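Participant: Here's a sequence, model it:
(one chain, ligands or ions: 1)
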Amino acid sequence: MSDLVSLAVGIAAHRRINTLKSDMRAQKLSVDESELSAVSMRQDIEKLYMLVEALWCIVKETSGLGDEELIELVKQIDMQDGKLDGRNSANAGILRCSNCGRTILKGQSKCIYCGGEVKDESLFRHNGK
Ligand SMILES: [Zn+2]
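Facilitator: Numbers count the residues shown, from 1 in each chain. Model prediction:
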């Protein structure tokens, strides 16, 4: 009888270990995907830095504007949400219906008030997270 009990305990332990191994493999895959995603985002950001720098070089050469003007403009944009914190969350996640002018949450394809089509026409709108 005790042999049967120890066999049953052994089988249960074996099953539990297999479940844990499977969970660990799934978590490892999940971590690997997160790392890949972070690397990909970092590369995208580095590309954006280069694009912005190239654009600023072109603008500087052709407009006569200098770094001081750019820094002042960035501060003004930063302050659009009322806080000088290196972020601009003004209008983040919020759109206005082009038909009735009411505020609509981003992600809606039609206005919930009038049914009008919602167009996000801002070039620089972001999710603000
Ligand atoms: Zn509307």
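Participant: mind listing the helices for this protein?
Facilitator: Secondary structure of the chain (DSSP state H): helices located at 2-63, 67-78.
Participant: What distance do you get for Ser63 to Leu48?
Facilitator: According to CB to CB, to the nearest Å, Ser63 and Leu48 sit 21 Å apart. All C-beta spots, glycine's among them, are computed from the backbone N, C-alpha and C.
Participant: pLDDT-wise, which helix or strand of this protein ranks last?
Facilitator: strand 94-96 (a mean of 76; mean pLDDT, DSSP states H and E).
Participant: and for that strand, what are the contacting residues?
Facilitator: Here strand 94-96 makes contact (CB atoms under 8 Å, 6 or more residues apart in numbering) with Arg102, Thr103, Ile104, Leu105, Lys106, Gln108, Val118, Asp120.
Participant: Going by neighbour count, which of those residues are buried?
Facilitator: Neighbour counting with 16 or more other CB atoms under 10 Å marks Ile104, Val118 as buried within those.
Participant: re the thing from before, wondering if the least confident helix or strand of the chain reaches the ion at all.
Facilitator: No: between strand 94-96 and the ion, judged by CB under 5 Å from the ion, nothing touches; the nearest distance is 8.6 Å.
Participant: Contact residues of this protein facing the ion?
Facilitator: Cys97, Asn99, Cys100, Cys111, Tyr113, Cys114, Gly116.
Participant: Please name the nearest non-neighbouring residue to the last one.
Facilitator: Ranked by CB to CB, 6 or more residues apart in numbering and with sequence neighbours excluded, the top spatial neighbour of Gly116 is Asn99, at 3.0 Å.
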